[in-house]
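*Asks:* can you look at this prediction? I've put the sequence above it.
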Amino acid sequence: MASFGKWIGGGLGFVMGGPIGGLFGFVVGSLIDSATGPASTVETNNTTPGAFGISLLVLIAAVMKADGKVVKSELDYVKQFFIRQFGKDNAKEALKMLRDLLKQDIPLRDVCEQIGYNMDYASRLQLMHLLFGVAGADGNYHPSELTVIETISKYLKISSSDFLSIRNMFIPDTDAAYKILEVEPSVSNEELKKAYRKMAMKYHPDKVSHLGEDFQKTADEKFKKVNEAYEKIKKERNLT
């Protein structure tokens, strides 16, 4: 078993078939000792860590290629992310796969449709959060990268309000705290509290517990942003 066994152990699931499997080809095949049969295309509400990780790599490659160049800071961000989550050996394997993907043309719509059909919504939201992190790794959000991320969001059937919420966690607009909570500045205090509870539940790390402890840890960032937004508004309104 290759050193990427932490993902493989979680199951590659739907990504072994369709356009994603085609992108990886022998690369994915080299990571497993023996084939267990064709990948299932049956819709599932329980995304495996392996399927999430492979999907993430494909979409990261699409975002990194968007501005026509791949900068060292972006690769370093991805490297550090995988080192934190899986250790140096696994990060090395992930980067090898990513570099291979960066050389290929990625059929974005087909890939996203495959992910969207098979992956639960909470996991798709987590994908969007991580993609914004990669896009801003070089300290600059290139318009073409943001366009690709928004396109991915639409293909994955992420609601516009959820997309705007996550975007404002990274690129604050006017009234960003309200947008993170998906409410208007005119909202009443009682409605604000309800909105906070709703968003706290939506972005709670337990929503992606099925991805395993490693990926669940990254969900803490979204949850913290929701709490920070709520605390900011409470302070502005002198709420207790």
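*Replies:* Ah, there it is. Numbers count the residues shown, from 1 in each chain.
*Asks:* pull out the buried positions in stretch 67-81.
*Replies:* Within stretch 67-81, the residues that count as buried by 16 or more other C-beta atoms under 10 Å are 67, 74-75, 77-79, 81. C-beta coordinates here come from the backbone N, C-alpha and C atoms, glycine included.
*Asks:* quick one: distance of it to the chain centre.
*Replies:* Stretch 67-81 has its average C-alpha position 16 Å from the chain's average C-alpha position, going by C-alpha atoms, centre = their mean, to the nearest Å.
*Asks:* now, which of the buried residues of stretch 67-81 sits nearest residue 132?
*Replies:* Nearest to residue 132 among these, counting by C-beta to C-beta, is residue 77 at 11.4 Å.
*Asks:* can you list contacts of the longest helix belonging to the chain?
*Replies:* If you go by DSSP state H, the chain has its longest helix at helix 220-237. Residues from elsewhere that reach helix 220-237, judged by C-beta atoms under 8 Å, 6 or more residues apart in numbering: 125-126, 129, 166, 169, 176-178, 180-181, 189, 192, 196, 199-200, 203-205, 239-240.
*Asks:* same deal with stretch 121-130?
*Replies:* For stretch 121-130, contacts defined as C-beta under 8 Å, 6+ apart pick out 47, 52, 55-56, 59-60, 81, 115-116, 119, 149, 152-153, 156-158, 162-163, 166, 169, 202-203, 207-208, 210-211, 215, 218-219, 221-222.
*Asks:* tell me the mean pLDDT over it?
*Replies:* Stretch 121-130 shows a mean pLDDT of 93 in the predicted model.
*Asks:* which residues does the closest residue to residue 184 other than its chain neighbours contact?
*Replies:* In space, residue 184 comes closest to residue 178 once its chain neighbours are excluded; the distance is 6.4 Å by C-beta to C-beta, 6 or more residues apart in numbering. Residues counted as contacts of residue 178 (C-beta under 8 Å, 6+ apart) are 184-185, 187, 229, 233.
*Asks:* after the helix or strand bottoming out on mean pLDDT in the chain, which helix or strand is next?
*Replies:* The helix or strand of the chain with the poorest confidence is helix 26-29; it has a mean of 48 (mean pLDDT, DSSP states H and E). Once the chain leaves helix 26-29, the next helix or strand it forms, by DSSP states H and E, is helix 49-64.
*Asks:* could you pull up the mean pLDDT of the next helix or strand after that next one?
*Replies:* Toward the C-terminus, helix 49-64 is succeeded by helix 72-86 as the next helix or strand (DSSP H and E). Mean pLDDT, computed over helix 72-86, is 75.
*Asks:* who does the following helix or strand past helix 72-86 touch, helix- and strand-wise?
*Replies:* Of the helices and strands lying after helix 72-86 in sequence (DSSP H and E), the nearest is helix 88-102. Judged by 3 or more C-beta pairs under 8 Å, 6 or more residues apart in numbering; DSSP states H and E, helix 88-102 is in contact with helix 18-24, helix 26-29, helix 49-64, helix 72-86.
*Asks:* of those, which is nearest residue 98?
*Replies:* Nearest of those (C-beta to C-beta): helix 49-64, 5.5 Å.
*Asks:* residues of that closest one that come out buried?
*Replies:* Neighbour-count burial for helix 49-64, with 16+ other C-beta under 10 Å as criterion, is recorded at 49-64.
*Asks:* cheers, nothing more for now.
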